[in-house]
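Asker: Got a sequence here, can you model it:
(chains A, B, C and D)
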Protein chains: 2
Amino acid sequence: MQVTKTLDYAVRSLTYIGHEPIVKHSMKEISEHQHIPLNYLAKIMRRLVKKGIVKSMVGPDGGYTLRKSPGDISLRDIYEAIEGEIRIVDCMDGNGICHLHQTCPQLQVWDRVQISMVKILEETTLEQMLNQKGIHGLSRAN
Amino acid sequence: MQVTKTLDYAVRSLTYIGHEPIVKHSMKEISEHQHIPLNYLAKIMRRLVKKGIVKSMVGPDGGYTLRKSPGDISLRDIYEAIEGEIRIVDCMDGNGICHLHQTCPQLQVWDRVQISMVKILEETTLEQMLNQKGIHGLSRAN
DNA sequence: CATATTCTGGATACATAATATCCATAAAGT
DNA sequence: ACTTTATGGATATTATGTATCCAGAATATG
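Answerer: Have a look, this model is predicted:
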């Protein structure tokens, strides 16, 4: 139940690019500024390209730009580009039927958790994150 | 970002016991009825014992009972017994300082997600789950 | 056209965590 | 004594996340 490093890398790359959405940013540049292993970043960027979140230009002076405006990129978009469809429980087999029990006492709770999470991710845009610098000392639920 | 099988096992065991909270249920019995590998279940039960969620009796006709009433056991209790403190991002090092950036655009969102999740888990008791049989076809956020 | 630069795609290796198994021991009932 | 059941720790197995490598394609520049 944790945010993966990979997703963190993706968000960091996008916020980095998002600060100058028009300028092209090369993988090398992103990698260095955000401390992300270059080769791994390559893999991440491919997924973001494939999902239409960033645009890529090959060749010298190539790099990446945002394809949409920061306000039109939700964290859900990013999440799903990296991790695939959001699904916090994996209790369903191919037929959508749990082979153990016809009735599952847990399903409803996890569903609520997931729905609430999706809602927040959907409401949060890259733009909002870009405007959120300098916020610290948040209350953590310990 | 997924519920682990282990946590699922724990909840299933507890709902199983919770149906007859007074009766002692042996690991063997739970294991068979809930299709959980016996030895693995042993490990899980130990944690639930240690956290005061179930009570154990050794010897013939031994087994487990709930230590508290189902209404007093929250899913958060179970989660934390199994997984430890809830923390969906692991971006903090020992000093609580992110060594990469002084300002993190993501932190606030993940915090919101976590808080909302903790809230739901805290509000949900074992009792509620026990009364939730037969609920199906929930809307999943796809 | 030749060259350097940068992204692409797939294969592969490595690390870490989740899951599972095993065994020797202690507790307790008959 | 003997059987049953939980305990504790060690270890193995598997899956997933993370990282590396390399050959190839696109493209700008001189």
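
Asker: touching DNA strand D at all, stretch A:31-40?
Answerer: Yes. Residues of stretch A:31-40 are located near DNA strand D by C-beta under 7 Å from any atom of the strand, namely A:36-37, A:39-40. Backbone N, C-alpha and C define where each C-beta goes, glycine included.

Asker: among these, who's most crowded?
Answerer: Counting by other C-beta atoms under 10 Å in any protein chain shown, residue A:36 has the largest number of neighbours within those, with 23 neighbours.

Asker: Please settle this for me: is that one part of a strand?
Answerer: No. With DSSP: H, G, I helix; E, B strand; the rest coil as the criterion, residue A:36 is located in coil rather than a strand.

Asker: circling back to that earlier point, show me the subset of the residues of stretch A:31-40 next to DNA strand D that also lies near DNA strand C.
Answerer: Among those, the residues lying close to DNA strand C (C-beta under 7 Å from any atom of the strand) are residue A:39.

Asker: I'd like the residues of stretch A:31-40 next to DNA strand D written out as JSON lines, with distance to residue A:52 and pLDDT added.
Answerer: Rendered in JSON lines, the data for the residues of stretch A:31-40 next to DNA strand D read as follows (distance: C-beta to C-beta, whole Å; pLDDT from 0 to 100):
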{"residue": "A:36", "distance to residue A:52": "21", "pLDDT": "96"}
{"residue": "A:37", "distance to residue A:52": "24", "pLDDT": "97"}
{"residue": "A:39", "distance to residue A:52": "23", "pLDDT": "97"}
{"residue": "A:40", "distance to residue A:52": "21", "pLDDT": "98"}
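
Asker: what about residue A:83, how many residues close to it?
Answerer: A count of nearby residues for residue A:83, using other C-beta under 10 Å, gives 17.

Asker: pretty sure it is touching residue A:4, no?
Answerer: Yes. Shown here, residue A:83 and residue A:4 form a contact pair, counting by C-beta atoms under 8 Å, at 7.1 Å.

Asker: any residues in contact with both of those two?
Answerer: Shared contacts of residue A:83 and residue A:4, defined by C-beta atoms under 8 Å, 6 or more residues apart in numbering or on different chains, comprise residue B:1.

Asker: on that earlier part again, which members of the residues of stretch A:31-40 next to DNA strand D define the maximum pairwise distance?
Answerer: With distance counted by C-beta to C-beta, no two of the residues of stretch A:31-40 next to DNA strand D lie farther apart than A:36 and A:39, which are 9.8 Å apart.

Asker: Quickly note the distance from residue A:125 to DNA strand D.
Answerer: The span separating residue A:125 from DNA strand D equals 23 Å under the rule C-beta to the nearest atom of the strand, to the nearest Å.

Asker: list the contacts for that residue?
Answerer: Applying C-beta under 8 Å, 6+ apart, one finds that residue A:125 lies in contact with A:70-75.

Asker: which among these end up buried?
Answerer: Applying 16 or more other C-beta atoms under 10 Å in any protein chain shown to the contacts of residue A:125, the neighbour count classes A:70, A:73-75 as buried.

Asker: Strands of chain A, start to end?
Answerer: The residue ranges that make up the strands of chain A, judged by DSSP state E, are A:54-57, A:63-66.
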